[in-house]
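In: Build me a model:
(one chain, ligands or ions: 2)
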Amino acid sequence: MKPSQLSTLIFEDQYAWKGDLDVFLPPSRVTILSQKTGIDEERIKNLTFYTSCNYFYHQTNRTTQVKWVMPLGVRTRKKSFGLQYCPCCLIEDGNQPYFRKNWRLGFITCCLFHSVQLHDKCPKCYHPIGFKKPKKSDNKILYHPVNMVHCSKCDFDLRHTKYKQVSKEEYEINRINFLQATLGYGQAGNLEFNYSNLYFEGIRRLLSFLVCSPKGESTFMFLRAELGLYQPYHREILGHNIEPERLDVRMRRTGLLMIYHLLQDWPENFVEACHKSNATSHLIKSPYLEFPFWTSNAFFFRIREKKYYSCEGEKKNIVEYFEKRLKKTISLKQVTRLVHYYFFKR
Ligand SMILES: [Zn+2]
Ligand SMILES: [Zn+2]
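Out: Ligands and ions are numbered 1, 2, ... in the order given. As a prediction, this is how the structure comes out:
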């Protein structure tokens, strides 16, 4: 049967299927699943990303979301490419193909076993991969496990996807990410991390700046040219304030290749890229965000501050203010000294 039907039968709730069940399972559903499968509750609970994300995301326990896990979009009608696949893995699975847990993670873009790039859409009709409405073989009454690896829109067998060999750089950044996410520590370029979530927090800020924010556009363009990447870039399609896990796989791949380059000589390559693309620290700063220590030094002390110039109107107001306050006429030069006195000496 369809996964949605199965979920309705198990949970006796047709809306249970709407959330991303692999991200968070409410305790009541864990209990039901345990009763119906005979599998220990603790074990079921630990299958979700919510309880197993400590190495890549610091949980606040205020929401059930887990950063870096790509939304499947079961909840919304909006197209989202939340599930990736490696055609070689699916072929090797034989009659019981399944989708790997780490294919759901935004910082993974290739298969480390087969050294091929992951795909996040049907190569024939570009429909996202998902089990929302799986297709059944025409002459069959029941679903078969292999229906899962057919495009739910055009029925294309995803195992026939032409696979593309991964570059050395993409392989390396995926290996770093995979090790950091499974071990909880590790090396990344010239940096050593005792706590991998600090690594992930930092590369998240970098991806947000370089790829997701319009403020990082010039640095993105600079790095794209420098690294010879041919990623099309359309600001209007990306949208504002998009999060890294909502980007499609090609965009994430490009962003991660840039990060791999930057990590080789952190922070020198980054500081240089910002200088050459005229990016100043105020473009990266945000009062609402925290930055892990290894990025903040580069972000805020090594990159130029934007110089602020006051306009004529502002200057005039300041002169008037001092004249009123000191009850005498004063020159602009004196005002400069006074401003300095009031702003910095006290
Ligand atoms: Zn594979
Ligand atoms: Zn298709």
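
In: And the residue of the stretch 151-300 of the chain found nearest ligand 1, how far from residue 70?
Out: Ligand 1 sits closest to residue 163 of the stretch 151-300 of the chain, with a gap of 8.6 Å, by C-beta to the ion. For glycine as for every other residue, the C-beta is placed from the backbone atoms N, C-alpha and C. According to C-beta to C-beta, to the nearest Å, residue 163 stands 21 Å off from residue 70.

In: ok, these two, which is more surrounded?
Out: Using other C-beta atoms under 10 Å as the criterion, residue 163 and residue 70 rank with residue 70 on top: 26 against 18.

In: so how far is residue 299 from the closest residue in space to the more buried one that isn't next to it in sequence?
Out: Distances taken as C-beta to C-beta, 6 or more residues apart in numbering place residue 82 nearest to residue 70, at 3.9 Å, with adjacent residues excluded. The spacing between residue 82 and residue 299, counted by C-beta to C-beta, is 30 Å.

In: ok, now residue 160?
Out: Taken as C-beta to C-beta, the span from residue 160 to residue 299 is 45 Å.

In: And residue 102, by the same measure?
Out: Using C-beta to C-beta, residue 102 is found at 29 Å from residue 299.

In: In terms of neighbours, single out the busier of the two.
Out: Per other C-beta under 10 Å, whichever of residue 102 and residue 299 has more neighbours is residue 299, with 22 against 17.

In: so how far is ligand 2 from that one?
Out: From residue 299 over to ligand 2 the distance is 42 Å, taken as C-beta to the ion, to the nearest Å.

In: Please apply the same query to residue 26.
Out: 33 Å.

In: now do residue 18
Out: As judged by C-beta to the ion, residue 18 and ligand 2 stand 23 Å apart.

In: tally of neighbours for that residue?
Out: Residue 18 has 13 nearby residues by other C-beta under 10 Å.

In: which bits of the stretch 51-200 of the chain sit near ligand 2?
Out: Residues of the stretch 51-200 of the chain found near ligand 2, taking C-beta under 5 Å from the ion as the criterion, are 122, 124-125, 127, 151, 153-154, 156.

In: Can you list the low-confidence ranges for the chain?
Out: Residue ranges of the chain with pLDDT under 70: 73-78, 306-308, 345-346.

In: what about the strands in it?
Out: Here the chain has its strands, by DSSP state E, at 110-111, 116-117, 186-188, 191-193.

In: Let me know which of those is tucked in deepest.
Out: strand 110-111 (a mean of 24; mean count of other C-beta atoms under 10 Å).

In: mind listing what that one pairs with, with the direction of each?
Out: Strands flanking strand 110-111 in the sheet, each with its direction: strand 116-117 (antiparallel) (DSSP bridges).

In: Give me the residues contacting the strand it pairs with.
Out: Contact with strand 116-117 is made by 86-88, 109-111, 163-166, 170, 249, 253, as judged by C-beta atoms under 8 Å, 6 or more residues apart in numbering.

In: The protein against ligand 1: which residues are in contact?
Out: Applying C-beta under 5 Å from the ion, we find that the chain lies next to ligand 1 at 86, 88-89, 111, 113-114.

In: can you pick the most crowded of the residues of the stretch 51-200 of the chain next to ligand 2?
Out: Neighbour counts for those (other C-beta under 10 Å) peak at residue 151, which has 22 neighbours.

In: What distance do you get for that one to residue 111?
Out: As judged by C-beta to C-beta, residue 151 and residue 111 stand 19 Å apart.

In: what do you get for residue 155?
Out: Relative to residue 111, and taking C-beta to C-beta, residue 155 is found at 24 Å.

In: One more: residue 103?
Out: Distance, residue 103 to residue 111, using C-beta to C-beta: 9 Å.

In: Please, where are all the helices along the stretch 101-250 of the chain?
Out: Ranges of helices in the stretch 101-250 of the chain, per DSSP state H, counting those that start in this stretch, are 168-183, 196-207, 217-227, 235-238, 249-263.
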